[in-house]
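> generate a structure from the sequence data that follows.
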Amino acid sequence: MEALPRLCGGDTPTNSPTDTTLVELIGAMAAALERGELELDLNGPAPEAIDPQGWPERHRLALAASPLAVRACELKQLPEAPLVWSEGRLRWRRWHLQLESCLGQLTARAKAPLSPPLEPTAVDQAVARAASQGLDPQQQQAVAALLRHRLVLLGGGPGTGKTSTVVQMLGALLALRPELRLHLAAPTGKAAARLRSTLQEGCQGLAGPLAERLGQADCTTLHRLLESSGERFGRNRRHPLALDLLVVDELSMVDLPLMAALLEALPDSCQLLLVGDPAQLPPVGPGAVLQELGQPRRLLALGDAAIELKTTYRNNGAIAAFAAALRPGPGDALRRQGSGAGLRSQLASLGPEDNLVWQRHPADRLPGPALERMRRHQHRLQALAEGIDWEPMAAGAGGEDGRSPKPPGSDPRSGGPPGPGPSQASIAALLAELEACVLLSPVRQGAWGVEAVQRQLLGEAAGKAIQHWPLGTPVLCQRNLADEGLANGDIGVLVERAGERLVLFPGPFPGQVGAAPGASSPGPRLFHPARLGAAEPALALTIHKSQGSQYQEVVLLVPQTRHWDPRLLYTGLTRARQRAWLITTNAPSWLAVD
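Modelled structure (predicted):
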């Protein structure tokens with residue numbers, strides 16, 4: 001904050017009003033970047049770190065007078081300026097250039113036709129078949145878009161039929177071009193596994209060969225696809241991906257650097273289908289690509305290659321109704337900031353039969369009902385973990401990569417499927433309970449944070465190594481083990497076999513190294529805790545960590561916060577399939593009457 005004006009200020013006197021104003025702006029920019037935001041909105045309210053007096057005119061004048069900042073249209077005249085000012089948005093130069101490059105490439109792909117183009121008659125027939133399958137006009141538009149454009153953006157909330165639409169889009173294209181090299185990808189291992197399973201379920205309505213072709217498509221994380229080695233990617237402009245069509249799900253979780261790496265590795269001829277819910281939380285990393293694409297002028301540039309599904313087909317009761325109230329509409333500032341009166345009225349009208357429960361509790365301690373629900377879940381997990389009979393499985397335990405038999409008595413430090421046997425039912429019950437319930441919070445620390453919940457549920461074992469945790473404790477993997485199909489963010493459960501503590505992870509795991517296209521490991525596998533690095537208990541998760549997952553029941557804690565973001569509530573509640581508990585403080589500021 002102090003060095004930039006001094007280094008780049010030229011003849012501007014130190015401690016001048018201009019210098020002080022720039023220090024304010026730089027501090028606010030740094031704070032925004034910590035939240036994953038690349039810019040300050042000079043047309044909005046003053047950020048917390050900035051003195052609101054004279055905002056934003058005082059700051060505009062300071063930017064115009066300083067060599068630290070340059071207007072985007074004049075960037076070539078002052079390329080060393082660290083700040084770029086464009087349309088009321090102030091960005092760091094590095095992120096501005098990368099963002100404009102990525103968005104420009106995506107828009108160019110959307111405007112580019114397929115090469116060679118499909119016959120118009122074939123496109124019309126494919127859309128007619130989609131209509132006969134019951135697709136609504138927006139879904140039919142999505143089918144037509146994939147048959148005409150090199151990039152398609154498909155958005156929509158939960159229950160709007162994104163998965164079934166993607167199935168019909170891919171089925172229509174594969175029917176006309178069966179030789180296409182297709183790949184499915186998502187930002188996390190959990191999201192990739194869920195994408196593959198939902199597409200496999202959805203493609204059953206396609207013709208036999210098409211269903212088989214789509215069901216066997218490779219599906220991995222984006223990092224695995226790009227051959228990530230930590231800070232670098234093995235796939236790039238010199239070593240591009242050998243693909244004709246790439247589907248990226250959960251686009252809301254994709255940050256700017258990851259999108260830039262993907263575009264660098266993607267051949268110009270490859271089609272790109274981007275799928276996501278723009279109302280969900282932005283990615284943890286810098287740059288929310290989906291939100292940027294959702295800006296009105298960006299959508300206008302994408303034209304009919306951008307489709308937003310709005311008709312809800314899966315009725316999830318009060319959860320869906322409240323989530324819909326949180327979704328922002330075009331230019332709807334009240335929804336973006338949360339209309340307190342409307343949300344309060346909707347919550348107050350909930351009845352005992354609704355699948356959304358609202359409770360209020362004092363802010364200084366964890367709510368008792370939330371802990372009681374999680375303890376029941378915890379005890380159920382422990383009982384199921386203790387009830388597994390491993391003996392029938394010993395002879396069928398899998399090898400290091402889950403593809404070859406493992407000799408009896410070998411070390412399970414590498415992953416392997418437990419194998420067939422009478423205990424399959426007990427393992428299935430344990431893994432089902434793993435996704436039966438979760439507690440979510442937007443914060444890790446504080447009275448209502450994830451760490452406080454873990455301490456309450458695990459007691460003295462909370463600060464100890466994983467071997468000391470109770471059996472049945474959910475375990476969050478924090479290491480990428482690509483060869484075994486395990487990714488950072490995957491969740492397993494602690495079990496014990498022959499006196500040794502191991503972590504059981506659900507399957508199937510797509511995209512095994514060396515496996516045939518579309519092959520996956522046969523089922524759940526065991527890992528020694530040492531393989532997982534610094535694993536964490538996962539009875540409670542931050543809302544960000546839960547993205548890409550779904551649970552039968554969600555307990556959502558919403559502590560008092562100065563920065564109200566309706567996307568936190570929306571993302572947390574839409575993780576629930578059947579039931580959700582919304583637990584707030586007694587007087588949440590975001591429910592204040594407008």
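
> who touches the one helix or strand T198 maps to?
Counting by DSSP states H and E, the element that carries T198 is helix 189-202. Here helix 189-202 makes contact (Cβ atoms under 8 Å, 6 or more residues apart in numbering) with 163-164, 166-167, 184-186, 214-215, 217, 219-221, 247, 249-250, 253, 485-491, 508-511, 520, 547-550. Quick note: C-beta positions are derived from backbone N, CA and C, even for glycine.

> in strands, which of these appear?
Using DSSP state E, 184-186, 219-221, 247, 491 are the members of the contacts of helix 189-202 that sit in strands.

> report the buried members of those.
By the neighbour-count criterion of 16 or more other Cβ atoms under 10 Å, these include these buried positions: 184-186, 219-221, 247, 491.

> turn these into a markdown table, columns for distance to Q133 and pLDDT.
Output for those, formatted as a markdown table (distance: Cβ to Cβ, whole Å; pLDDT from 0 to 100):
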| residue | distance to Q133 | pLDDT |
| --- | --- | --- |
| L184 | 21 | 96 |
| A185 | 26 | 96 |
| A186 | 25 | 94 |
| C219 | 23 | 91 |
| T220 | 28 | 89 |
| T221 | 30 | 90 |
| V247 | 19 | 97 |
| I491 | 35 | 91 |
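
> re earlier: in helices, which of the contacts of helix 189-202 appear?
Filtering the contacts of helix 189-202 for membership in helices, criterion DSSP state H, returns 163-164, 166-167, 214-215.

> max pairwise distance over the residues you listed: which two?
Farthest apart among the ones in helices among the contacts of helix 189-202 by Cβ to Cβ are S164 and G215. That separation is 14.9 Å.

> could you say which helix or strand contains W448?
W448 belongs to no helix or strand, assigned by DSSP H and E.

> I'd assumed T561 was in contact with it.
No - distance between W448 and T561: 10.0 Å, which falls outside the contact criterion (Cβ atoms under 8 Å).

> more crowded one of these two?
When neighbours are counted by other Cβ atoms under 10 Å, W448 comes out ahead of the other of W448 and T561, with 25 against 16.

> please report how far the more buried one lies from T584.
In this structure, W448 and T584 are 10 Å apart, going by Cβ to Cβ, to the nearest Å.

> shared neighbours of those two, anything?
The contact sets of W448 and T584 overlap at V558 (Cβ under 8 Å, 6+ apart).

> sketch out the helices for the stretch 401-550 of the chain, chain order is fine.
All helices of the stretch 401-550 of the chain, identified by DSSP state H, counting those that start in this stretch, fall at 424-434, 450-458, 543-546.

> deepest in the core, which of these is it.
Between the helices of the stretch 401-550 of the chain, the one whose residues have the most neighbours on average, counting mean count of other Cβ atoms under 10 Å, is helix 543-546 (a mean of 22).

> pull the distance from the helix or strand G104 falls within to the chain's centre.
G104 belongs to helix 93-111 when elements are defined using DSSP H and E. The gap between where helix 93-111 is centred and where its chain is centred comes out at 21 Å by Cα atoms, centre = their mean, to the nearest Å.

> quick one: contacts of that helix?
Under the contact criterion Cβ under 8 Å, 6+ apart, helix 93-111 has outside partners 38-39, 72, 75, 81-84, 86, 91, 149-153, 256-257, 259-260, 263, 272, 286-287, 289, 292-293, 298, 301-303, 305-306.

> repeat the analysis, applying 7 Å as the threshold.
Contacts with helix 93-111, where a contact means Cβ atoms under 7 Å, 6 or more residues apart in numbering, come from 38, 72, 81-84, 149-151, 256, 259-260, 263, 272, 286-287, 289, 292-293, 298, 301-303, 305.
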